[in-house]
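>>> let's see this in three dimensions:
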Amino acid sequence: MNAPEFKAKYDRDGFVVVPQFLPKSLLAELLGQLDRYIRDVAPTLPDASAFYEDKQRPETLKQLQNMAIDPFFDEYRRQPRWLSLAETMLGEPGEAKEPEWFDKPPGTNHVTPPHQDNYYFCLTPPHVVTLWIALDRVDEENGCLRYVRGSHLAGVRPHGRSKVLGFSQGITDYGSADREREVAIFLEPGDLVLHHGNTIHRADANRSATRHRRAFAMVFQGSSCRRDEAAFQRYKAALEQQHQQLGLTV
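Below is the predicted model of the structure:
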């Protein structure tokens, strides 16, 4: 990988694509472990760790959180290939938060609202990067990520409560000027996109009748980061209120 070139694009745009980050053998291993986790572990999880479009239909599983309860995924956070790339972007030592898995199943109207990850994390300085790897082909039809180029340079925008499970807050003043700067990211399985914690991004619903849009992600924060505890407690309170209103168990 041409790390300096990726770093320059990341610093300029707030995101960068790394083609074929995982070779086929490593991607197959990850997919196998994810299949095992979804089959054996997900049915035992509380609502706040496994999100379904319709819990009565297991095939509508759309998001998994808190995956470090599983020994494989706890150890995977320290996988050198991922950590090295993250630390190159951060410019300092980093550590991974718990892995997450996402899907936009076909036939569901799951829209990801425009948001900034660091609104949820509340980290200062915002030395935080998300590494998001495609497990399926990702394009406009099945709900690709859309980034607002350079938005990481302008700080955190106002957010308000969202009705989307898994994304409790969305940007309240997102408008035409933002959409004009959007970049749609098309990926093949094994391709990775990295984005800065302050980069604005969103995704449309999956309009395909047959194709999933699965992804696996890890967030890395730099050693210099400190959490704004007051802001984080406000976010947690809003999140808990959303879960209560939706009748979720934690």
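>>> only C-alpha atoms for contact and neighbour calcs from this point on.
Fine.
>>> any idea how far the residue lying farthest from the centre of the chain is from residue 131?
For the chain, the residue at maximal distance from the C-alpha centroid (C-alpha atoms, centre = their mean) is residue 56, at 24.8 Å. Counting by C-alpha to C-alpha, to the nearest Å, the gap from residue 56 to residue 131 is 31 Å.
>>> the spatially most central residue of the chain is in what secondary structure piece?
Using C-alpha atoms, centre = their mean, the residue of the chain that lies closest to the mean C-alpha position is residue 217, 5.4 Å off. Assigned by DSSP states H and E, residue 217 belongs to strand 215-222.
>>> where does this protein have low pLDDT?
Filtered on pLDDT under 70, the chain yields the residue ranges 1, 164-168, 234-250.
>>> go with 80
Residue ranges of the chain with pLDDT under 80: 1-2, 55, 162-168, 230-250.
>>> about what we covered before: same for the strand holding residue 217, what does it pack against?
Contact here means 3 or more C-alpha pairs under 8 Å, 6 or more residues apart in numbering; DSSP states H and E; on that basis strand 215-222 packs against helix 80-90, strand 94-96, strand 100-102, strand 128-134.
>>> and those, which is most packed in?
Counting by mean count of other C-alpha atoms under 10 Å, strand 128-134 has the highest mean neighbour count of the helices and strands packed on strand 215-222, with a mean of 25.
>>> and the following helix or strand past that one, what does it pack onto?
Per DSSP H and E, the first helix or strand lying C-terminal to strand 128-134 is strand 145-148. Judged by 3+ C-alpha pairs under 8 Å, 6+ apart, the packing partners of strand 145-148 are strand 182-184, strand 201-203.
>>> which parts of the helix or strand just after strand 145-148 are buried?
Using DSSP H and E, the helix or strand that follows strand 145-148 towards the C-terminus is strand 159-164. Residues of strand 159-164 classed as buried by neighbour count (16 or more other C-alpha atoms under 10 Å): 159, 161-162.
>>> nearest to residue 126 among those?
Residue 126 has its nearest neighbour among the buried residues of strand 159-164 in residue 159, at 16.8 Å by C-alpha to C-alpha.
>>> ok, now which ones touch the nearest residue to the closest one once chain neighbours are set aside?
In space, and not counting its chain neighbours, residue 159 is closest to residue 171: 4.2 Å by C-alpha to C-alpha, 6 or more residues apart in numbering. Contacts here follow C-alpha atoms under 8 Å, 6 or more residues apart in numbering; on that basis residue 171 touches 113-116, 157-160.
>>> please apply the same query to residue 223.
Each residue near residue 223 by C-alpha under 8 Å, 6+ apart is listed here: 92-95.
>>> now swap in residue 216 and tell me
99-102, 132-135.
>>> tell me which strands the strand holding residue 217 pairs with, and in which orientation.
The pairing partners recorded for strand 215-222 under DSSP bridges are strand 94-96 (antiparallel), strand 100-102 (antiparallel), strand 128-134 (antiparallel).
>>> of the ones you listed, which is nearest residue 44?
So among the strands paired with strand 215-222, strand 100-102 is nearest, using C-alpha to C-alpha, at 16.1 Å.
>>> what does that closest one rub up against?
The contact list for strand 100-102 (C-alpha under 8 Å, 6+ apart) reads 62-67, 213-218.
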